[in-house]
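K.L.:
My questions concern the predicted model and sequence given below.
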Amino acid sequence: MGRKVKNFNYFLLIIAVVTAVFSISASRRTKNYCSIGAFIADRPTKKAIQQFQADFGKKPYMVMVFVDWKNFVGNEIINDVYAMESVLLVTWEPWYSINKEGINYDAVLSGSMDSYIKDFAKELKQINKPVFLRFAHEMNGSWYPWSASKIGAPKYIAVYRYIRKVFDELNADNVKWIFSINWEDVPKENSYMKCYPGNDYVDFIGVDGYNWGNSKSWSRWMSFKEIFQKRYQEIVVHFNKPIIISEFSTTGSGGNKSAWIRGAMSSIKKMEKIKAFILFNMDKETDWSFSADKESGKELRLQLKDNYFKGKGSLHD
């Protein structure tokens, strides 16, 4: 009788251990995910979002738009994106994009531009749903007038903090802030680490990177891992923040575009701090787009079937 009881208790222990293992495994599957996002049009519409879903099997949870200084997102875009149960990721660029002229950053700090900043904050607050805001991105590059190599890291930080404080004073709590960097520092001494405004001002770390292949005289074919791995590891070590791949894509010039996106999705699943990506799905400097009728588009659709990639909201749940 004693042996039967002992065996029965041992059996119960095994069941408990197995149940715990499955519970932990289920928990990991629930917590580990990457939300799908895309830049699909300068002015995204319901139709464009529906087309992305038809092409690739899932709709983008995050839809990115670019807005330059003195302009706003616009009600039509806001209504269409949220009607599709997606959310906006707003890339807010502090320049006048038509002539690529920078704003007066000292004027921002003096308070003389508060009226516009407050109106912008009110527009995003009135959405009353999550909005992701990427202000003054790629400051560790050399190509924008707000680059730290041009205005200096201290001023960049001061402007970023100033605008964030205006939003906070208006209780725009639905706005989530992305500190978005380029995958490499250009020039090397223009370190993104010197530009970080502080944990209290940042909700997510964004990273931008592209495979230019041989489309430019200065470029070469690079895998997603080669572009992002080093920067990803740095961010994980130095910042306790979730990561968004805030712009990425590949050309087809110089390599296999289908194999590249397959490798990219595989790498993202191994980088568990990456909670969302924004696919730049446009033909611009080179053809960054994935066409549904081409092999690369079919491969993207196949990859997005994985339940790891979410077409529904996860970042704020």
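P.N.:
That came through fine. Numbering: from 1, shown residues only.
K.L.:
now stretch 95-110, how far from the centre of its chain.
P.N.:
24 Å (Cα atoms, centre = their mean, to the nearest Å).
K.L.:
before we move on, what about stretch 205-220?
P.N.:
Using Cα atoms, centre = their mean, the offset of stretch 205-220 from its chain centre is 17 Å.
K.L.:
and what of stretch 114-127?
P.N.:
22 Å.
K.L.:
Which residue ranges of the stretch 1-150 of the chain form helices?
P.N.:
Counting by DSSP state H, counting those that start in this stretch, the segments of the stretch 1-150 of the chain that form helices are 2-31, 46-56, 75-83, 105-110, 114-125, 148-151.
K.L.:
rank those by pLDDT, which is bottom?
P.N.:
Between those, the one with the least mean pLDDT is helix 2-31; it has a mean of 46.
K.L.:
What number of residues are in the vicinity of the residue nearest to Met113 when sequence neighbours are not counted?
P.N.:
Nearest non-adjacent residue to Met113, counting by Cβ to Cβ, 6 or more residues apart in numbering: Ala107, 5.5 Å away. Where you see a C-beta, it was placed from the backbone N, CA and C, and this is true even at glycine. Ala107 has 10 neighbouring residues, counting by other Cβ atoms under 10 Å.
K.L.:
try Lys31
P.N.:
When counting by other Cβ under 10 Å, one arrives at 9 neighbours for Lys31.
K.L.:
what's next to the helix or strand hosting Lys225, contact-wise?
P.N.:
For Lys225, the host element (DSSP states H and E) is helix 224-238. Here helix 224-238 makes contact (Cβ atoms under 8 Å, 6 or more residues apart in numbering) with 181, 183-184, 193, 205, 207, 209-211, 241, 243, 245, 248, 250, 260, 263-264, 267-268, 271, 273-274.
K.L.:
again with stretch 123-134
P.N.:
Stretch 123-134 is contacted from outside by 62, 72-73, 78, 82, 87-92, 167, 170-172, 174-178, 180, 204, 206, 244, 246, 313, 315-316, using Cβ under 8 Å, 6+ apart.
K.L.:
list the buried ones in that stretch?
P.N.:
The neighbour-count check on stretch 123-134 (16 or more other Cβ atoms under 10 Å) flags Glu123, Leu124, Lys125, Ile127, Pro130, Val131, Phe132, Leu133, Arg134 as buried.
K.L.:
May I have it as CSV, with CA atoms only?
P.N.:
Output in CSV follows, covering the C-alpha atoms of stretch 123-134 (Å, rounded to 0.1, in the frame of the first residue of the first chain):
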residue,chain,number,x,y,z
GLU,A,123,-4.8,66.6,-32.7
LEU,A,124,-3.1,63.4,-31.6
LYS,A,125,-4.7,63.5,-28.1
GLN,A,126,-8.2,63.8,-29.6
ILE,A,127,-7.7,60.4,-31.3
ASN,A,128,-8.2,59.0,-27.8
LYS,A,129,-6.5,55.8,-29.0
PRO,A,130,-2.8,54.8,-29.1
VAL,A,131,-0.6,56.8,-31.4
PHE,A,132,3.1,56.3,-31.9
LEU,A,133,5.2,59.4,-32.4
ARG,A,134,8.7,59.3,-34.0
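K.L.:
how about the strands in the stretch 201-317 of the chain?
P.N.:
In the stretch 201-317 of the chain, strands defined by DSSP state E, counting those that start in this stretch lie at 204-211, 243-250, 274-280, 309-310, listed in chain order.
K.L.:
Of the ones you listed, give the one that comes closest to Thr45.
P.N.:
strand 274-280 (17.6 Å; Cβ to Cβ).
K.L.:
In terms of helices and strands, where is Arg161?
P.N.:
Going by DSSP H and E, Arg161 is part of helix 153-169.
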